[in-house]
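In: return atomic coordinates for the entry below.
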Amino acid sequence: MNNATYFTVKLFFLLPLVKNKKNAPTVGNKINDERAFFETLAERSLLKTLDGSCRSPISSSAHFTNSKELILYGAIATLDGTKVIRSKIKGSIKDAIKLGKELGNKIKAQTNGDFLFK
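Out: Down below sits the predicted model:
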């Protein structure tokens with residue numbers, strides 16, 4: 001999801017609450033949580049790279065460090081849960097999407113194609 005899409009979705013839910021619709025973008029920026037925004041970008045990027053769905057046994061969790069870096073944790077399991085591959089990556093918040101793709105590809109490389117689901 002790019003910034004424009006995220007902002008559009010946020011405004012969709014925000015508009016009914018704002019009396020003066022011209023002020024909606026200003027109000028939207030005030031309620032934006034930068035940490036949550038970049039954590040979500042990284043997590044969704046990982047899930048997309050692994051071709052995950054709501055039924056895929058994939059986990060993704062991103063967290064900020066004190067130095068404004070992002071740590072992304074990811075894991076994928078077989079459907080029966082007997083095998084799990086876990087990994088993590090660390091980098092700049094500006095590279096949130098790139099971090100998700102890199103970690104997803106790193107995990108994919110360890111699966112030998114056995115863990116991927118449609």
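In: what does the one helix or strand Arg35 maps to contact?
Out: Secondary structure from DSSP states H and E places Arg35 in helix 34-49. Contact partners of helix 34-49, identified using C-beta atoms under 8 Å, 6 or more residues apart in numbering, comprise 1, 6, 56, 58, 60-64, 70, 72, 74, 93, 96-101, 103-105, 108. Every C-beta, even on glycine, is put in place using the N, C-alpha and C of the backbone.
In: if we go to 6 Å?
Out: 60, 62, 64, 70, 72, 74, 93, 96-97, 99-101, 103-104 (C-beta atoms under 6 Å, 6 or more residues apart in numbering).
In: how about stretch 98-106?
Out: With C-beta under 6 Å, 6+ apart, stretch 98-106 has contacts from 42, 45-46, 49-50, 72, 74, 87, 89, 91.
In: from the contacts of helix 34-49, which would you call buried?
Out: Buried members of the contacts of helix 34-49, counted by 16 or more other C-beta atoms under 10 Å: 60, 62, 70, 72, 74, 93, 96-97, 99-101, 103-104.
In: for Arg86, which non-adjacent residue is spatially closest?
Out: Ala75 (4.3 Å; C-beta to C-beta, 6 or more residues apart in numbering).
In: separation between the one you found and Glu34?
Out: Distance, Ala75 to Glu34, by C-beta to C-beta, to the nearest Å: 26 Å.
In: same deal with Ile107?
Out: In terms of C-beta to C-beta, Ile107 sits 26 Å off from Glu34.
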